[in-house]
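Novice: The following comprises the amino acid sequence and a computationally predicted model.
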Amino acid sequence: MAGKNMNYYLMDGIPSGRIKCTLANWTGVAYKIPRVKLVDCKNIDYLKQSGVYFLFCKSDNDKPLVYVGQAGTRKNGEGILYRLKEHHASPKQGLEDWYEAVAFTTSNNSLSATEIGWLENYFFNLAKNIGRYIAKNGNEPNVPPVGEEKESELIEYVGYAQTIMGVLGHFVFEPFIHARQSEDIMQDDDSVEFCLEQKMQNSGLTIKASCKRSNEGYIVLKGSMVNPKANEKTCSGVAKRAREQAAIENNILMEDTLFPSPSAAAMFVTGASANGYMVWKTADGKTLKDIEASEASEL
């Protein structure tokens, strides 16, 4: 994937404050706005235009919450900003504790009502399908019809917005495993896949699971088998919580699940203490420890 040149303006002079984002060769404009700084945005003209916005909340679940909304330009000239002010004054149920908004518009105010409706629907479904965040919209936004040419333009807009959102620290559009382009065919990434196969004494089952490394940690892959019984004394807290919250049907993991360490990933699968560097192995029997030692020797 080609590199991208981005421009970030720290509007308050600090990384935790408001940030304005633009991207080379893109007419879009994005703003990251902490809720406590919303009052300082009344003079930002771009926020008085049409666009889409996202509200982020913490959650008791391991997954954070996101709400996707749209805003058309009002007669009072306050589009996105007006909607954010409404959410600040009277937040929707379940969004009372939203702490940050990210808004997308354009430098030439070119988004029509149809286009922002299409973007809202597309962003909502993208977030829902990736599954890193819980999408808090009460209902799926309606999708207005657009022509082929316009849809192509909007998909390009979405691609730039995805990049900016990730750099701003919200991985709502980032799949755990990226696809790679190879001979014009989209395939899974080519990172090393590790396997764990072990007979569990407490359940009598032979567990088979797969794992990949990523930029964020270790991913137990969808389709892996999970031991239904856990050792309460030796299974870590991270693994226990993940076992309680993961989508598991008939001992089979139904979605890719991220862990901070290979041992946490292994304990999630086995339900017992495990050294991930030793139990995760490649198809030819090399342990994760062997692979990392080999990689280190090449540095």
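Specialist: Thanks, I have the structure now.
Novice: so what's the spatially closest residue to residue 20 that is not a sequence neighbour up against?
Specialist: Once flanking residues are discounted, residue 20 sits nearest to residue 9: 4.3 Å by C-beta to C-beta, 6 or more residues apart in numbering. Placement of C-beta: from N, CA and C, glycine included. Taking C-beta atoms under 8 Å, 6 or more residues apart in numbering, we find residue 9 in contact with 19, 20, 21.
Novice: cool, and residue 103?
Specialist: Residue 103 makes contact with 30, 31, 33, 47, 51, 52, 53, 54, 80, 84, according to C-beta under 8 Å, 6+ apart.
Novice: cool, and residue 227?
Specialist: 200, 202, 203, 205, 207, 251, 269, 270, 271, 272.
Novice: Return the members of those residues classed as buried.
Specialist: 200, 205, 207, 269, 270, 271, 272 (16 or more other C-beta atoms under 10 Å).
Novice: So which of those residues are in helices?
Specialist: If you go by DSSP state H, the buried ones among the contacts of residue 227 have 269, 270 in helices.
Novice: buried residues in stretch 220-240?
Specialist: 220, 221, 224, 225, 226, 227, 230, 235, 236, 238, 239, 240.
Novice: Quote the end-to-end distance of that stretch.
Specialist: Terminal residues of stretch 220-240 lie 15 Å apart, using C-alpha to C-alpha, to the nearest Å.
Novice: Mind checking the pLDDT average for that stretch?
Specialist: Averaged across stretch 220-240, pLDDT comes to 90.
Novice: same deal with stretch 288-297?
Specialist: Here the average pLDDT along stretch 288-297 is 91.
Novice: got the contact list for it?
Specialist: With C-beta under 8 Å, 6+ apart as the test, stretch 288-297 has contacts from 192, 194, 262, 276, 277, 278, 280, 281, 282, 286.
Novice: The stretch 151-299 of the chain: strands as residue ranges?
Specialist: For the stretch 151-299 of the chain, applying DSSP state E, counting those that start in this stretch gives strands covering 179-182, 185-188, 193-199, 206-213, 218-220, 248-249, 252-253, 257-259.
Novice: for the ones you listed, which one ends up most surrounded?
Specialist: When the strands of the stretch 151-299 of the chain are scored by mean count of other C-beta atoms under 10 Å, the highest mean neighbour count falls to strand 218-220 (a mean of 24).
Novice: residue contacts, residue 259?
Specialist: By C-beta under 8 Å, 6+ apart, residue 259 lies in contact with 217, 218, 219, 220, 238, 239, 242, 265, 268.
Novice: Pull the most distant pair out of the contacts of stretch 288-297.
Specialist: The span of the contacts of stretch 288-297, defined through C-beta to C-beta, is set by 192 and 278 at 15.6 Å.
Novice: Give me the secondary structure label for the residue nearest to residue 20.
Specialist: Taking DSSP: H, G, I helix; E, B strand; the rest coil as the rule, one finds residue 9 in the strand state.
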